[in-house]
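Colleague: Give me a model of this one.
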Amino acid sequence: MRIPEALVDTEWLEKHLQDDGIRIVESNEDILLYDTGHIPGAVHIDWRADLQDPVIRDYIKPEKFAELCNRNGITPETTCIFYGDKANWWACYALWAFRLFGHENVKIVNGGRDKWKAENRPMTREVPKYPRTNYPVPKKRFDKEIRAFADEALAQSKSRKPLIDVRSPGEYKGEITHMPEYPQEGVLRGGHIPGAKSVPWKTATNDDSTVQIGRGAGENLSWTNAASIRERKRWFIAASANAPATPGLCSLICSGSIMCEITTVHGRSGVIKSAHRSRNRPSNLSFRAKSGRGFQSRRETQKRCSGSFDSLRAAQDDRRKMYPEKLNKIINLVESLPEDERRETLVSYADSAKKQEPREGEKFDLEDIRKDEECTDKVGVYLQVDDQGKAHLRMTLGPEVQTLTRAMTAILCKGLDGATPQEILDLPSDFVTRIVGAELVRIRSQTTYYVLTRIKSICKVYLDRQRMAAQVA
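Modeller: Presented below is the predicted three-dimensional model:
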């Protein structure tokens, strides 16, 4: 795959949106971004939910890949054109995963979602429906051909053959153990594989998210040897997870610098094999619970369990009474919705996040404006407490803040309005799962809880200052 086969530009794509034989695929880091608007006709493939095994730290099996293609109307002959946010970061990940199963008709939109949107090209929220296909189950995954495992990476390092580390400079130097804004993607040990060269994936793209044609793997790498590039040596790309490696990989491919023999190192730290979680789950067992007077009957056990569940439900009801009335209404509404309507509702709240910004003339008791590693951009929290001791919140969000964070901003600013700072501080966080769903919490835990953490933080500072003032008085 080389230019022009590897890349399509936005102008070409807009003219060929209705072509038969192509399928436009969006894959983002921002899990709800597709729902806010996408290229007409594009399907959404989630890099984690659709391409990763839910039990083992690995990619899906060939059977799952075939089913993924079937429900998206993809055949082995379909040309899949990928695009996404973050300069096609996760789109390249999805493209590479398709090649892992032998689907070679793949391209990437040069500039991705950012460039398409910046050029004011058409966007829609309509989700396309395509007839199911009958994609044959791939006979194998091409792991040996385009992946490297721990022993291969170690051999490459010992032989002093090329290794590229596309993580952030801080991770490469061992100063930090995870990429900024992604604490959940960390490693146990800092540093890099001996002999690896640092080429952060962002250096492979321009400011408009397009690939640096003719540079990325050649002119832009002062340490590379032009002769070795011409020899088409086999390069290894290492990263803390396979995903960050893919933009660097695709840049090298697209620049025409090397052949498609690049492999990615499997595992979180680049050289550690993946840890398999057990597939063994308890079945419907028939058992007796042992007590001090011997074994209990099944009925006695069920009776005791029923009592425990009743106690649990009562405890949950008590916790729900701790929710402010406005928030409780939002929780009950969103929790009752089917998954697709829940996502639509979250996107609607995200759209209204800008309405939560401070208004002209408003004064606040406290302002907390900063950027944390848990969030992709700066977030401002503004607290005003009225004469009755009721809290009123405003928030500002930087342009890179993710859709789910925007949704939680609108929900919490509305739901907590009129509660006291102490009530907000005492608020249990278990309602978050009821609003966004367990799956989104599992995938984006730091995103879903971030806004609540910031709001509680400013309320704590306010209460501490009030207590200190009372002591002085």
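
Colleague: P428 against I331, yeah?
Modeller: No. P428 lies out of contact with I331 (Cβ atoms under 8 Å); the separation is 11.5 Å. Using the backbone N, CA and C atoms, a C-beta is placed for each residue, glycine as well.

Colleague: Looking at these two now, which is surrounded by more residues?
Modeller: I331 (18 against 11; other Cβ atoms under 10 Å).

Colleague: tell me the SS of the more buried one?
Modeller: helix (DSSP: H, G, I helix; E, B strand; the rest coil).

Colleague: show me the residues around it that make contact.
Modeller: R320, Y323, G415, F431, R434, I435 (Cβ atoms under 8 Å, 6 or more residues apart in numbering).

Colleague: Mind giving me the ChimeraX select for these, buried ones only?
Modeller: A single ChimeraX command selects the buried members of the contacts of I331 (16 or more other Cβ atoms under 10 Å):
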select :323,415,431,434,435
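
Colleague: taking the contacts of I331 one by one, which sit in helices?
Modeller: Within the contacts of I331, residues falling in helices by DSSP state H are R320, G415, F431, R434, I435.

Colleague: So what's the model's average confidence on the helix or strand where Y449 lies?
Modeller: Using DSSP states H and E, Y449 falls within helix 445-472. Here helix 445-472 scores 90 as its mean pLDDT.

Colleague: for it, packing partners?
Modeller: Other helices and strands packing on helix 445-472, by 3 or more Cβ pairs under 8 Å, 6 or more residues apart in numbering; DSSP states H and E, are strand 366-370, strand 379-385, strand 391-397, helix 403-415, helix 421-425, helix 431-436.

Colleague: 10 Å instead, please
Modeller: strand 366-370, strand 379-385, strand 391-397, helix 403-415, helix 421-425, helix 431-436, helix 438-443 (3 or more Cβ pairs under 10 Å, 6 or more residues apart in numbering; DSSP states H and E).

Colleague: rewinding a little: is it possible to export the ones in helices among the contacts of I331 to JSON lines including distance to I146 and pLDDT?
Modeller: Converted to JSON lines, these look like this (distance: Cβ to Cβ, whole Å; pLDDT from 0 to 100):
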{"residue": "R320", "distance to I146": "50", "pLDDT": "53"}
{"residue": "G415", "distance to I146": "47", "pLDDT": "96"}
{"residue": "F431", "distance to I146": "44", "pLDDT": "91"}
{"residue": "R434", "distance to I146": "41", "pLDDT": "92"}
{"residue": "I435", "distance to I146": "40", "pLDDT": "92"}
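
Colleague: Out of the helices and strands packed on helix 445-472, which gets nearest to T10?
Modeller: helix 403-415 (22.0 Å; Cβ to Cβ).

Colleague: buried ones in stretch 77-96?
Modeller: Here stretch 77-96 shows 78-96 as buried, counting by 16+ other Cβ under 10 Å.

Colleague: shaky segments in the stretch 251-400 of the chain?
Modeller: 251-321 (pLDDT under 70).

Colleague: ranges for the helices of it?
Modeller: 298-320, 325-335, 339-351 (DSSP state H, counting those that start in this stretch).

Colleague: returning to what we had before: out of the contacts of I331, flag the one nearest to P122.
Modeller: P122 lies nearest to I435 out of these, by Cβ to Cβ, at 31.6 Å.

Colleague: now L425, nearest residue through space, not along the chain?
Modeller: C459 (5.0 Å; Cβ to Cβ, 6 or more residues apart in numbering).

Colleague: mind listing what the one you found touches?
Modeller: Applying Cβ atoms under 10 Å, 6 or more residues apart in numbering, we find C459 in contact with 366, 381, 383, 385, 391, 393, 416, 419-427.

Colleague: Of those residues, keep whichever come out buried.
Modeller: By 16+ other Cβ under 10 Å, the contacts of C459 give 381, 383, 385, 391, 393, 416, 419-421, 423-425, 427 as buried.

Colleague: related to what we said a few turns ago, just send the ones in helices among the contacts of I331 back as CSV, with distance to E11 too.
Modeller: Listed next are the ones in helices among the contacts of I331 as CSV, based on distance: Cβ to Cβ, whole Å:
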residue, distance to E11
R320, 53
G415, 44
F431, 46
R434, 45
I435, 41
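
Colleague: quick check: domain ranges of the chain?
Modeller: 7-141, 145-265, 317-472 (automatic domain parsing).

Colleague: where do the strands sit along the stretch 1-150 of the chain?
Modeller: Secondary structure of the stretch 1-150 of the chain (DSSP state E, counting those that start in this stretch): strands at 7-8, 22-26, 43-44, 79-83, 106-109, 147-148.

Colleague: Can you lay out the helices and strands packed on helix 445-472 as TSV showing distance to L51?
Modeller: Output for the helices and strands packed on helix 445-472, formatted as TSV (distance: least, Cβ to Cβ, whole Å):
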stretch	distance to L51
strand 366-370	34
strand 379-385	30
strand 391-397	29
helix 403-415	20
helix 421-425	38
helix 431-436	21
helix 438-443	13
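
Colleague: So which of these is nearest V106?
Modeller: So among the helices and strands packed on helix 445-472, helix 438-443 is nearest, using Cβ to Cβ, at 24.3 Å.

Colleague: Give me the helices and strands touching that closest one, please.
Modeller: helix 339-351, helix 403-415, helix 431-436, helix 445-472.

Colleague: Can you tell me which of the ones you listed is packed in deepest?
Modeller: Burial of these is given as mean neighbour count (mean count of other Cβ atoms under 10 Å); helix 403-415 ranks first at a mean of 25.

Colleague: Return the list of helices and strands in contact with that helix.
Modeller: Helix 403-415 packs on helix 325-335, helix 339-351, strand 379-385, strand 391-397, helix 431-436, helix 438-443, helix 445-472, going by 3+ Cβ pairs under 10 Å, 6+ apart.

Colleague: quick one: the longest one to strand 366-370, angle?
Modeller: Read that as helix 445-472. Orientation check (axes from the mean of the first three to the mean of the last three Cα atoms, to 10 degrees): helix 445-472 against strand 366-370 gives 150 degrees.

Colleague: just how off-centre is helix 445-472 within its chain?
Modeller: 27 Å (Cα atoms, centre = their mean, to the nearest Å).

Colleague: And for the first one?
Modeller: Between the centre of helix 325-335 and the centre of its chain there are 26 Å (Cα atoms, centre = their mean).

Colleague: Pull out the buried positions in that helix.
Modeller: For helix 325-335, by 16+ other Cβ under 10 Å, it's L327, I330, I331, V334.

Colleague: Could you export those residues as TSV, including distance to L346?
Modeller: As requested, the buried residues of helix 325-335 are exported to TSV (distance: Cβ to Cβ, whole Å):
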residue	distance to L346
L327	15
I330	11
I331	13
V334	8
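
Colleague: Which one of those is nearest to D464?
Modeller: Of the buried residues of helix 325-335, the one sitting nearest to D464 (Cβ to Cβ) turns out to be L327, at 23.6 Å.

Colleague: tell me the contacts of that closest one?
Modeller: Contacts of L327 (Cβ under 10 Å, 6+ apart): I411, L412, K414, G415, L416, D417, A419, I424, L427, F431, I435.

Colleague: No more questions from me, cheers.
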